[in-house]
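Peer 1: missing the sequence, but the structure's below:
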DNA sequence: AAAGCTAATCTAAACGTTTCAATTTTGTCA
DNA sequence: TGACAAAATTGAAACGTTTAGATTAGCTTT
């Protein structure tokens, strides 16, 4: 910039003025400066700028697992609207581990991101503490964390699962296995609550033996499903609390020599783009990923634009049950064992 | 840092020395400084540091589509090893559009990333120019761009597709449809070359009508596949040049009221984690995503560490044909139309 | 005890911007 | 023409680090 100023024989202040359009400058100087910029090939140094202005025009995104299509769908739309607003995005994955999460957030904070969008892992008070100290706009997505007063966009998980289980009950299923997510996430808990609620509504007693924790991971879910499948009176249907886990469930079913939906019905949270071209065609709960991403990005941009602190806003969206062919009516134990 | 220096009554230089461990400092001062740091809750400002040192400890990652499982798998491992080395990652998507690509790279360059990992879109000379001017370590992944002399890690696409088509030919298929990726990417071209090579080896004449461009996108591939399926003498097998497109192909097959593999065989580039639990169980070419990610990260880290400019290194890995059940032997037109 | 070393510490100048306050230029009006 | 206001331009001080090079302190050596 000094070079530009020199070649155009003006002061750096004037160059800055034309580069940023922050002050009026005569057409003549503007011309000289623009020529100089073109001649030198000058590009403003965003680091120096950030140091002075205190804003990096970058926001940090912390999710559990970039390999999970749900997250990537959401990330894609967030990235899109953020980029349109001139913001870059730094992406970190926690692998569902609160320790890694703290480390990653620290990495982002070091680099002075202007804001944070987080799908929190775990529910201890560490995150709360870290965020309070960071003091930058934060929006929680997918999950909310106890005690953190921040903008958030989440799903009505309980309602969504309740509908899905309701559907299974309506099909005649009484023993419904449930592969649960981590119980220290709001999603894990909310979805489980939906399961319990649906059973209660239907007057079916809750059986602890039917719910197994899969930690939102395929591998854990595989073992969890196995435990369900070897039971003498195995469930006639299994619901999986997310997309990764349902793959594990399907593998367990295959490895036990069973077939879906003939021998056992399966349903899960999160939809797949390929769900209706492969068999069994899974009945799932589709999340409005587009809306989630847009709202999240919008919320943070809003906070960033107006530093006013209106009370945190929490946006709750609804899932949609996509009924396909992975669930069959169930008429009782005798027929089911024959299949 | 001045605050810390003040409370410990030492100079900022000494504080810097203990924070970075760059110079010996007596145990006494070190103690005082560490106490002061703890008391104040001081955290070093990475922006200021970057301004001075010229390094941001951040590398930019530019891919076509974060929604594509192949890319996310690779990104996940890159992120992992980069993070282990103290680097953060800024992620951008080009949506296969060279213009967006230029914009995104500019965004990253503005923020002074130390290095770039790119899966290039298009093959004009714009990218070459931009990278030359940027003058930072760059490694190309998945695709290489004509004229760019940079480290790269790619697949032997030609060989991989050749094997897959070979397999189809071995099954008796003579009319094999091919849904191609963009012809201005090295992957699109390389894979197509594999197709042609296999036909040539088998003495099957190349028929232009059987190859349709799907641009690596599901939607485009759907229409491309449709064109193939409405042909009076439609192909008995279709190969799709990537994962996104094969979904489009399957949808087209379904919408035409056909079944795979009964009416038509299907195979594609890129594997799916769920491929062997859903029907049809796709025969695919699995890419070594772990190795791709590790090599890419390693290459850039190496360049970053030793500024020496050894000639660009190009790592070529091999795909693996995963034979499943989406391809059937083909005995001739008469049997195939009956199915 | 003075000189000469070494090790520890400090001073101050960068890095490339932004921005406030001060200065110069231009224009208007009496 | 001079006075004054408005507009355009500039000087210089930040922002929070790092890092030469200067300085000081603490030893040894003769």
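Peer 2: On my side now, so go ahead. Predicted model only: the values in this text are computed from it and were never measured.
Peer 1: what does the stretch 1-150 of chain A put close to chain B?
Peer 2: A:41, A:43-48, A:50-51, A:56, A:58, A:65-67, A:69, A:72-73, A:75-76, A:79-80, A:83, A:88-93, A:104, A:107-112, A:133 (C-beta under 8 Å from any C-beta of the partner chain). No exception for glycine: its C-beta is placed from N, CA and C like everyone else's.
Peer 1: Near DNA strand C, list only the ones from these.
Peer 2: With C-beta under 7 Å from any atom of the strand as the criterion, the residues of the stretch 1-150 of chain A next to chain B include A:43, A:44, A:45, A:48, A:51 near DNA strand C.
Peer 1: The closest residue to the first one other than its chain neighbours: neighbouring residues, count only.
Peer 2: So the one you mean is residue A:43. Leaving aside its sequence neighbours, residue A:43 sits nearest to residue B:110 (C-beta to C-beta, 6 or more residues apart in numbering or on different chains; 7.0 Å). Neighbour count of residue B:110, defined by other C-beta atoms under 10 Å in any protein chain shown: 16.
Peer 1: give me every residue that touches residue B:110.
Peer 2: The neighbourhood of residue B:110, defined by C-beta atoms under 8 Å, 6 or more residues apart in numbering or on different chains, consists of A:43, A:44, A:46.
Peer 1: is it true that the second one touches residue A:15?
Peer 2: In this case it means residue A:44. No. At 9.6 Å, residue A:44 does not count as touching residue A:15 under the criterion of C-beta atoms under 8 Å.
Peer 1: Between these two, which contacts overlap?
Peer 2: Joint contacts of residue A:44 and residue A:15 (C-beta under 8 Å, 6+ apart) are residue A:1.
Peer 1: the more surrounded of those two?
Peer 2: Taking neighbours as other C-beta under 10 Å, residue A:44 and residue A:15 compare with residue A:15 leading, 25 against 15.
Peer 1: tell me the pLDDT at the more buried one?
Peer 2: Residue A:15 is assigned 95 on the pLDDT scale.
Peer 1: I'd assumed it was in a helix, is it?
Peer 2: Yes. Applying DSSP: H, G, I helix; E, B strand; the rest coil, one finds residue A:15 inside a helix.
Peer 1: Is it correct that it is in contact with residue A:4?
Peer 2: Yes. At 5.2 Å, residue A:15 counts as touching residue A:4 under the criterion of C-beta under 8 Å.
Peer 1: Mutual contacts of the two, please.
Peer 2: Common contacts of residue A:15 and residue A:4 (C-beta under 8 Å, 6+ apart): residue A:33.
Peer 1: The helix or strand harbouring residue A:130 - what's its average pLDDT?
Peer 2: Residue A:130 is part of helix A:126-134, with elements assigned from DSSP states H and E. Across helix A:126-134, pLDDT averages out at 89.
Peer 1: Stretch A:291-305 now?
Peer 2: Computed over stretch A:291-305, the mean pLDDT rounds to 96.
Peer 1: With stretch A:35-42 instead?
Peer 2: When pLDDT is averaged over stretch A:35-42, the result is 94.
Peer 1: Are that stretch and DNA strand D in contact anywhere?
Peer 2: No. On the criterion C-beta under 7 Å from any atom of the strand, stretch A:35-42 is out of touch with DNA strand D, staying 12.1 Å away.
Peer 1: Spell out which parts of the stretch 1-150 of chain A neighbour DNA strand D.
Peer 2: Counting by C-beta under 7 Å from any atom of the strand, the stretch 1-150 of chain A comes close to DNA strand D at A:9-14, A:17, A:23-26, A:28-29, A:48, A:51-52.
Peer 1: and which of those residues is nearest residue A:127?
Peer 2: Taking C-beta to C-beta as the measure, residue A:127 lies nearest residue A:51 of these, at 27.9 Å.
Peer 1: Locate the closest residue to residue A:79 other than its chain neighbours within the secondary structure: which element?
Peer 2: Distances taken as C-beta to C-beta, 6+ apart put residue A:89 closest to residue A:79, at 5.3 Å, once the chain neighbours are dropped. Residue A:89 belongs to strand A:88-93 when assigned by DSSP H and E.
Peer 1: From the contact counts, what lies against that strand?
Peer 2: Judged by 3 or more C-beta pairs under 8 Å, 6 or more residues apart in numbering or on different chains; DSSP states H and E, the packing partners of strand A:88-93 are strand A:58-63, helix A:69-84, helix A:98-110, helix B:69-84, strand B:88-93.
Peer 1: Quick one: residues in contact with that strand.
Peer 2: With C-beta under 8 Å, 6+ apart as the test, strand A:88-93 has contacts from A:57-66, A:75, A:78-79, A:82-83, A:100, A:104-105, A:107-108, A:111, A:113, B:58, B:76, B:79-80, B:83, B:88-92, B:107-108, B:111.
Peer 1: just stretch A:7-21 next, same as before
Peer 2: Under the contact criterion C-beta under 8 Å, 6+ apart, stretch A:7-21 has outside partners A:1-2, A:4-5, A:22-25, A:29-30, A:32-37, A:39-40, A:44.
Peer 1: List buried residues within these.
Peer 2: Neighbour counting over those (16 or more other C-beta atoms under 10 Å in any protein chain shown) leaves A:1, A:4, A:5, A:25, A:29, A:30, A:32, A:33, A:36, A:37 as the buried ones.
Peer 1: wait, does the helix or strand containing the second one make contact with DNA strand C?
Peer 2: Spelled out, that is residue A:4. Following DSSP H and E, one finds residue A:4 within helix A:2-7. Yes. Shown here: helix A:2-7 in contact with DNA strand C (C-beta under 7 Å from any atom of the strand) through residue A:2.
Peer 1: Quick check: mean pLDDT of that helix?
Peer 2: Here helix A:2-7 scores 92 as its mean pLDDT.
Peer 1: Next: stretch A:60-70.
Peer 2: Here stretch A:60-70 scores 96 as its mean pLDDT.
Peer 1: so how far is that stretch from its chain's centroid?
Peer 2: The chain centre lies 6 Å from the centre of stretch A:60-70; the measure is C-alpha atoms, centre = their mean, to the nearest Å.
Peer 1: and that stretch, how far apart are its ends?
Peer 2: 18 Å (C-alpha to C-alpha, to the nearest Å).
Peer 1: Over to stretch A:309-322?
Peer 2: With C-alpha to C-alpha applied, stretch A:309-322 spans 39 Å between its terminal residues.
Peer 1: Can I get the buried ones among the residues of the stretch 1-150 of chain A next to chain B as something I can paste into ChimeraX?
Peer 2: The ChimeraX selection below is limited to those of the residues of the stretch 1-150 of chain A next to chain B classed as buried (16+ other C-beta under 10 Å):
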select /A:46,47,50,51,56,58,65,66,67,69,72,73,75,76,79,80,83,88,89,90,91,92,93,104,107,108,109,110,111,112
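Peer 1: which residues in chain A form helices?
Peer 2: Secondary structure of chain A by DSSP state H: the helices cover A:2-7, A:12-20, A:27-40, A:46-53, A:69-84, A:98-110, A:126-134, A:157-170, A:186-202, A:218-229, A:243-255, A:289-305, A:333-338.
Peer 1: related to what we said a few turns ago, ok, the ones next to DNA strand C among the residues of the stretch 1-150 of chain A next to chain B vs residue B:117, which is closest?
Peer 2: Among these, and counting by C-beta to C-beta, the member closest to residue B:117 is residue A:43, at 21.0 Å.
Peer 1: Pull the number of nearby residues for residue A:134.
Peer 2: 18.
Peer 1: I misspoke; the intended subject was residue A:12.
Peer 2: 14.
Peer 1: Over to residue A:324?
Peer 2: If you count neighbours by other C-beta under 10 Å, residue A:324 ends up with 16.
Peer 1: Run through the residues that contact the nearest residue to residue A:316 once chain neighbours are set aside.
Peer 2: Of all residues beyond its chain neighbours, the one nearest residue A:316 is residue A:156 (5.3 Å), with distances taken as C-beta to C-beta, 6+ apart. Listed by C-beta under 8 Å, 6+ apart, the contact set of residue A:156 reads A:190, A:316, A:317, A:318, A:319.
Peer 1: Thanks again, I'm all set now.
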